[in-house]
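>>> Following is a predicted model, sequence given first.
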Amino acid sequence: MNDLFDLPFEEPEPEPEPVPPPPPSRHVWSVSELTAAIRDTLESRFAEIWLEGEISNCRLWNTGHLYFTLKDAGAQIKGVMFRSALRALRFKPEDGLHVVARGRVGVYDPKGEYQLVCEHMEPQGVGALQVAFDQLKKRLQSEGLFAVERKRPLPALPRKIGIVTSLDGAAIRDIIKVISRRHPNSHLVIRPARVQGEGAAADVARALQQIGRVPGVDVIIVGRGGGSIEDLWAFNEEVVARAISQSPVPVISAVGHETDVTIADFVADVRAPTPSAGAEIVVAGKDEFFARIDRLHGRLSNAERRRVERLRGQVHRLEGRPGLAGWPGRLALRGRHVSELTHQLGRAGRELVTRRLRRYHELRRTLDLFDLRRRLGVVRGRLSGVEAALRAGIVRAHHRADARFRGQAAHLESLSPLAVLGRGYAVCWDASRTRIIRDVDAVTEGDAVRVTLHRGELGCRVERKSE
């Protein structure tokens, strides 16, 4: 306490000077860093969104990816739909279509643009299947596949009836039942196919192509029983429509019920409301054909009857004329004369033919005598006989020469010194084999001599001599 009161009021203690704050540190971003940060923020914030808008600037690139712009009255955003997601769509996105898209927001770093990476899309207000149906119908109609001029008439009497449907459904039983009842002798060719589910459209198209190549098939019924639009969707696929249009024979589309309408119905030559109706349409051609034959037969009979009556009336009128009185008798005489002339002409013709034929045979025999081929055949036969005789003479001469050679060889063998040695004799030589030893005095005891035998030679030494 004494210290506070001891300080003077007039001279306060000086305050320390304030220390200035350190300057803030500055971080400089690169463009890539900032873009990456924005991408991370957007992708984490908008990982999955549903976005509604109108499609514009829609373009399908060669890579299979679809690029478009989704807009409304106040803004727009670019979008991309990759090929894998695009294949799952039932319809084809196009400009002006109002859709709801599901996807995520992403950033395209090279351009610094954010865009919608679309994974799914569906039309707003209308189902995707209906949009796909309308789009395919419009495109095929513009190509003329629905034109009436392309519709081919059904054959009156089909040799074979091709059927493309599932073996598990009721449609195949109905078709066979109707055709068997109305046309028992018909020949059916059935190609089973999947008519519902994944891959059904490709199977139906492949079945149409295969059954169209069967020889004798004049008409094809393709169809199935009723179901929902998803069940019948295989018959709304483009591949089935193309297969029907390229079929070499007329095709009857019999899909579902009366109220079901598919793209196959428009492309087919004839549309049947049900599979049973399709079978009735095929056999109806046979009934119409027979009915037409009956009608033509009746018309032809009536026409011939009227013609005969008209000619008979003309004959009666002609018989009544004075200038033609007695013409039946004159006609009979003329007929008899014609018969006689015909008989004479036939006999003269046969005699002429007989003479010509006899002359032909004579000339043929004369020509055969001078035929070069025949002469060459005779010469060839003679040459063959001479050649055989020559070969036989050569063989006999060969046998004689061989026998003579063998005899001379045996005689020469008997005179050979080696033959004497073969009977057990031996020849004694001196050591150098230059002199034959015929006398015991020509050697002394201890000399080396060589003895030649029939087979081989011996080296010997004289040990003892005797007379």
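Ah, there it is.

>>> going forward, measure contacts between C-alpha atoms and count neighbours the same way
Noted.

>>> What residues sit buried inside stretch 424-440?
428-430, 437 (16 or more other Cα atoms under 10 Å).

>>> And stretch 330-343, by the same measure?
Under 16+ other Cα under 10 Å, stretch 330-343 has no buried positions.

>>> Quick check: mean pLDDT of that stretch?
Averaged over stretch 330-343, pLDDT sits at 90.

>>> Then stretch 374-383?
Mean predicted lDDT for stretch 374-383 stands at 90.

>>> Please, where are all the helices along the stretch 351-467 of the chain?
Along the stretch 351-467 of the chain, counting by DSSP state H, counting those that start in this stretch, helices occupy 372-415, 417-422.

>>> among those, which is the most enclosed?
Across these, averaging neighbours per residue (mean count of other Cα atoms under 10 Å) puts helix 417-422 on top, at a mean of 14.

>>> Could you give the separation of that one from the chain centroid?
88 Å (Cα atoms, centre = their mean, to the nearest Å).

>>> what does it rub up against?
Around helix 417-422, the neighbours that count as contacts under Cα atoms under 8 Å, 6 or more residues apart in numbering are 413, 453-454.

>>> shaky segments in this protein?
Within the chain, the stretches with pLDDT under 70 are 1-14, 16, 22-24, 125-128, 285-286.

>>> Which residue, other than its chain neighbours, is closest to Glu113?
Nearest in space to Glu113, with sequence neighbours left out and distances taken as Cα to Cα, 6 or more residues apart in numbering, is Val107 at 5.6 Å.

>>> Look up the residues forming beta bridges with the one you found.
Val107 forms beta bridges with Tyr114, as assigned by DSSP bridges.

>>> about what we covered before: relative to Thr41, which of the helices of the stretch 351-467 of the chain is closest?
helix 372-415 (106.8 Å; Cα to Cα).

>>> Check which helices and strands that closest one sits against.
Applying 3 or more Cα pairs under 8 Å, 6 or more residues apart in numbering; DSSP states H and E, we find helix 372-415 packed against no helix or strand.

>>> Export the buried residues of stretch 424-440 as a markdown table, with columns for distance to Pro155.
Shown next, in a markdown table, are those (distance: Cα to Cα, whole Å):
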| residue | distance to Pro155 |
| --- | --- |
| Cys428 | 119 |
| Trp429 | 119 |
| Asp430 | 121 |
| Ile437 | 123 |
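
>>> Okay, Val204 and Asn236: tell me how far apart.
According to Cα to Cα, to the nearest Å, Val204 and Asn236 sit 11 Å apart.

>>> ok so, going back, which ones among the buried residues of stretch 424-440 lie within strands?
In this view, those that belong to strands under DSSP state E are 428-430.

>>> is it true that Phe68 lies in a strand?
Yes. Residue state for Phe68 (DSSP: H, G, I helix; E, B strand; the rest coil) corresponds to a strand.

>>> sorry, back to before: measure the residue nearest to Glu113 to Pro215 for me?
60 Å.

>>> Comparing the two, which residue is more hemmed in?
Val107 (19 against 9; other Cα atoms under 10 Å).

>>> quick one: contacts for that one?
Contacts of Val107 (Cα under 8 Å, 6+ apart): 35, 38-39, 42, 113-115.

>>> of those residues, closest to Thr354?
Distances from Thr354 to the contacts of Val107, taken by Cα to Cα, are shortest for Gln115, at 105.4 Å.

>>> So the closest one is in contact with Val105, correct?
Yes. Counting by Cα atoms under 8 Å, Val105 is a contact partner of Gln115 at 5.7 Å.

>>> In terms of packing, which of the two has more residues around it?
It is Val105, of Gln115 and Val105, that has more neighbours when counted by other Cα under 10 Å, with 22 against 19.

>>> Contacts only, for Cys460.
448-451.

>>> what's the answer for Ile211, then?
Counted by Cα under 8 Å, 6+ apart, Ile211 has contacts 162, 189, 191, 217.

>>> Is it possible to get JSON lines of these that adds distance to Glu122?
As requested, these are exported to JSON lines (distance: Cα to Cα, whole Å):
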{"residue": "Gly162", "distance to Glu122": "38"}
{"residue": "Val189", "distance to Glu122": "41"}
{"residue": "Arg191", "distance to Glu122": "36"}
{"residue": "Val217", "distance to Glu122": "42"}
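
>>> Do you have the strands of the chain handy? List them.
Taking DSSP E, the strands of the chain run over residues 49-60, 66-71, 76-81, 98-108, 113-123, 160-165, 187-192, 217-224, 251-255, 270-272, 427-430, 448-452, 457-461.

>>> Out of the contacts of Cys460, which is nearest to Phe289?
When the contacts of Cys460 are compared against Phe289 (criterion: Cα to Cα), the nearest one is Val451, at 121.9 Å.

>>> Having no further points to raise, I will conclude here.
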